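> What follows is a predicted structure for the sequence shown.
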Amino acid sequence: MEALAELKAVTGAVTYGELATLRRRLWADEGAAYRWSGQYLPATAEQRQEIEAAFSGRVRRAIARDGPLRAWCDRLRAEIVPVVPFDRLLADHPELDYPVITPNVAAWRVLAHFGGIFEVADGWVAVPDLPSAVTATRSAVQELGGRTPAGVLAAAGFTMTDTELVAWLGRCGYRVSPVELRQPRHTLHRVKDRISPAKRSSRGPSATDLVADLLERQGAPLHLDEILPRLSRRFSRGPLYNRLNADGRFIRAAPSTFALASWDIEPYPGPPRSSANQAARLIEAQGGPLHLDEIRARLDKPITREGLRNALNANDRLVRVAPSTYDLKQPGPA
């Protein structure tokens, strides 16, 4: 691809020492994902800023020149504006994931963090940035006036499927189901208005609160693999599965598929294969308490020690009888 060749003409000259500095911004969207030995970094902050500014200048000048790279970037921005799911962008343009700096710096990281073409955050890509897209969304919602949210957002330039719009509106703080997207409305419910203050902590809603909120907006059961990418915070699959099985607000409608118990859906008859339920069966077979490490060694699926501990502590069938040691809860006196 000619556009990538133009970009690589700039990025291919990056030295190992320069990359150590540039990685701070190249991986800025992944927070703690950045790891690099300090011995490769320039001695002063001023030197690091000079390296970043020089590289950004070279990338932006290459994009500004007439040619395939500029035309490609213009097409990307036109497709994105104001916002689309990042996974969809990569699916439509797999070349964005092509490494342009050895060993693994993809083209989209350079374009986002040094080219200013778009911003990537929380599973979304926006032009010019996420705050602008959120502002545009909220402005459109305020102009509903009895029209459908899907129609108003389409008129405002949002080119997303109903499922994507529901997820994006949730990201912007609104509760809406796919059905409500196509119904005339004057306003949308705000998420903050529908979560009980009693369920809030200093960090905000818990994982299960977020799932309950998502299911209520969706109005239909969701598979765990559909739930995870649509939550506002990242959670591990195994521990979240265990928490949902242990929370009375949820039932399993199918394998790894959850619904709200209040919907009166027939629960899936198969036994849940959560780590906590497997632990309960192991303890029952043992006929007495088991240590956390003994349980973990006998599970048929890998799970971190802390993840298993959290699952066991959240399960209402188990009780901790000694440090890191669990037994089945005994029924209370009649």
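Arrived safely, thanks for sending.
> residues of the helix ranked longest in the chain that come out buried?
Counting by DSSP state H, the longest helix found in the chain is helix 45-64. Judged by neighbour count using 16 or more other C-beta atoms under 10 Å, the buried positions of helix 45-64 are 48, 51-52, 55-56, 58-59, 62-63. Just so you know, the C-beta spots here come from the backbone N, C-alpha and C atoms, and that holds for glycine as well.
> Name the residues that touch it?
6-7, 9-11, 14, 18, 21-22, 24-25, 41-42, 69-70, 73, 110-111, 114-117 (C-beta atoms under 8 Å, 6 or more residues apart in numbering).
> ok, 7 Å please
6-7, 10, 18, 21-22, 25, 41-42, 69-70, 73, 110, 114-116 (C-beta atoms under 7 Å, 6 or more residues apart in numbering).
> Are there helices or strands packed against the next helix or strand after it, and which ones?
Per DSSP states H and E, the first helix or strand lying C-terminal to helix 45-64 is helix 68-80. If you count contacts as 3 or more C-beta pairs under 7 Å, 6 or more residues apart in numbering; DSSP states H and E, helix 68-80 packs onto helix 2-11, helix 45-64.
> coming back round to it: now do the longest helix of the chain against helix 68-80, angle only.
Angle, helix 45-64 to helix 68-80, by axes from the mean of the first three to the mean of the last three C-alpha atoms, to 10 degrees: 90 degrees.
> Give me the residue at the spatial middle of the protein.
residue 229 (4.3 Å; C-alpha atoms, centre = their mean).
> Am I right that that residue is in contact with residue 124?
No: between residue 229 and residue 124 no contact is recorded; they are 10.9 Å apart, counting by C-beta atoms under 7 Å.
> doesn't residue 234 fall inside a strand?
No: applying DSSP: H, G, I helix; E, B strand; the rest coil, one finds residue 234 to be coil, outside a strand.
> ok, now how distant is it from residue 6?
35 Å (C-beta to C-beta, to the nearest Å).
> So for these two, which sits in the more crowded spot?
residue 6 (17 against 11; other C-beta atoms under 10 Å).
> now the lowest-mean-pLDDT helix or strand in the chain against helix 45-64, angle please.
When the helices and strands of the chain are scored by mean pLDDT, DSSP states H and E, helix 16-26 comes last with a mean of 77. Helix 16-26 and helix 45-64 are oriented at 80 degrees to each other (the same axes, to 10 degrees).
> Just the CA coordinates for helix 16-26, please, in PDB.
Output of helix 16-26 as PDB, limited to C-alpha atoms (Å, rounded to 0.1, in the frame of the first residue of the first chain):
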ATOM      1  CA  TYR A  16      16.000   2.300  19.300                       C
ATOM      2  CA  GLY A  17      16.700   5.100  21.800                       C
ATOM      3  CA  GLU A  18      14.100   7.300  20.200                       C
ATOM      4  CA  LEU A  19      11.500   4.600  20.400                       C
ATOM      5  CA  ALA A  20      12.000   4.300  24.100                       C
ATOM      6  CA  THR A  21      10.800   7.900  24.400                       C
ATOM      7  CA  LEU A  22       8.100   7.700  21.800                       C
ATOM      8  CA  ARG A  23       6.500   4.600  23.400                       C
ATOM      9  CA  ARG A  24       5.200   6.800  26.200                       C
ATOM     10  CA  ARG A  25       2.800   8.400  23.800                       C
ATOM     11  CA  LEU A  26       2.400   5.500  21.400                       C
END
